[in-house]
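Trainee: please work out how this folds:
(2 chains)
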Amino acid sequence: AQTVTQSQPEMSVQEAETVTLSCTYDTSESDYYLFWYKQPPSRQMILVIRQEAYKQQNATENRFSVNFQKAAKSFSLKISDSQLGDAAMYFCAYWSRTGRRALTFGSGTRLQVQP
Amino acid sequence: NAGVTQTPKFQVLKTGQSMTLQCAQDMNHEYMSWYRQDPGMGLRLIHYSVGAGITDQGEVPNGYNVSRSTTEDFPLRLLSAAPSQTSVYFCASSPLAGGPFTDTQYFGPGTRLTVL
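Mentor: Sure, this is the predicted structure:
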């Protein structure tokens, strides 16, 4: 079974600065996707970014980018030019494309943004 | 498109009562799933479906039933509610084949359930 580990329960960043959230995962599969989801106080789960395992190029979405290290099974999220609206819980998640097709989530990182 | 909708938003039950959480999507997604989120944890999969008439168990299926008679709807039934089922429930859907969003889960707004 796959596992996803987020070792930082809480992080804090100053507005306009850059922050990196860490995620590691364990799998024996070669075909999978990785995701970062944002959960603000409204509790809505919002897709931030997606990475396909077979792609070596790191995904980017505006101020959000990932550092995907497949051999190390590491998938960190970098938020540049942090904004107050970035404050939320961030979940790293793994999607298997060969086994049971479902998301396996980490325990989350709460990000605070200081003005 | 309304996306993924869930009803109700909040519900309080007494132990032993049964109820159905509704989930619908209008994106013609093949895959639908139910997750629960407990405090301090990520979401855990309860049941999922890869198409009408096909369902399977997830990580925490005990105490819950599902059925998928149409592509659009995927209700979750609590058979006899227990305090351990107090949680926030999320429904999600995704396309399974073709396009840039394959295998990407889109979530409903959630239902907060309290069992007394």
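Trainee: which strand residues bridge the residue nearest the centre of chain B?
Mentor: Compute the mean C-alpha point of chain B, and by CA atoms, centre = their mean the closest residue is B:Trp34, 2.7 Å away. B:Trp34 forms beta bridges with B:His47, B:Cys91, as assigned by DSSP bridges.
Trainee: report pLDDT for it.
Mentor: pLDDT, B:Trp34: 97.
Trainee: next: B:Gly42.
Mentor: Looking at B:Gly42, the pLDDT reads 85.
Trainee: how much space between it and A:Ser42?
Mentor: 17 Å (CB to CB, to the nearest Å). From N, CA and C alone the C-beta is placed, and that goes for glycine too.
Trainee: picking that back up, surely the residue nearest to the centre of chain B touches B:Leu43?
Mentor: No. B:Trp34 is not in contact with B:Leu43 according to CB atoms under 8 Å; the separation is 9.6 Å.
Trainee: list residues touching both of the two?
Mentor: Shared contacts of B:Trp34 and B:Leu43, defined by CB atoms under 8 Å, 6 or more residues apart in numbering or on different chains, comprise B:Phe90.
Trainee: for A:Asp86, what are phi and psi?
Mentor: Backbone geometry at A:Asp86, expressed as degrees, to the nearest 10, gives phi -80, psi -10.
Trainee: quick one: contacts for it?
Mentor: Counted by CB under 8 Å, 6+ apart, A:Asp86 has contacts A:38, A:79, A:111, A:113.
Trainee: what's opposite the closest residue to chain B within chain A in the beta bridge?
Mentor: Nearest to chain B, among the residues of chain A, is A:Phe105, at 2.9 Å (CB to the nearest CB). Under DSSP bridges, the beta-bridge partners of A:Phe105 are A:Ala93.
Trainee: now do the strands in the chain.
Mentor: Using chain A. A:3-5, A:10-14, A:19-21, A:24-26, A:32-39, A:46-52, A:60-61, A:64-69, A:74-79, A:88-96, A:103-105, A:109-114 (DSSP state E).
Trainee: right idea, wrong chain: chain B
Mentor: B:4-7, B:10-13, B:19-25, B:31-37, B:43-51, B:54-57, B:64-66, B:76-78, B:87-94, B:106-107, B:111-115.
Trainee: what's the angle from the longest one to strand B:31-37?
Mentor: If I follow you right, that is strand B:43-51. Calculated by axes from the mean of the first three to the mean of the last three CA atoms, to 10 degrees, strand B:43-51 forms an angle of 160 degrees with strand B:31-37.
Trainee: and for strand B:43-51, what's in contact with it?
Mentor: A:45, A:91, A:100-105, B:30-38, B:55-61, B:64-66, B:68, B:71, B:74, B:76, B:89-90, B:96.
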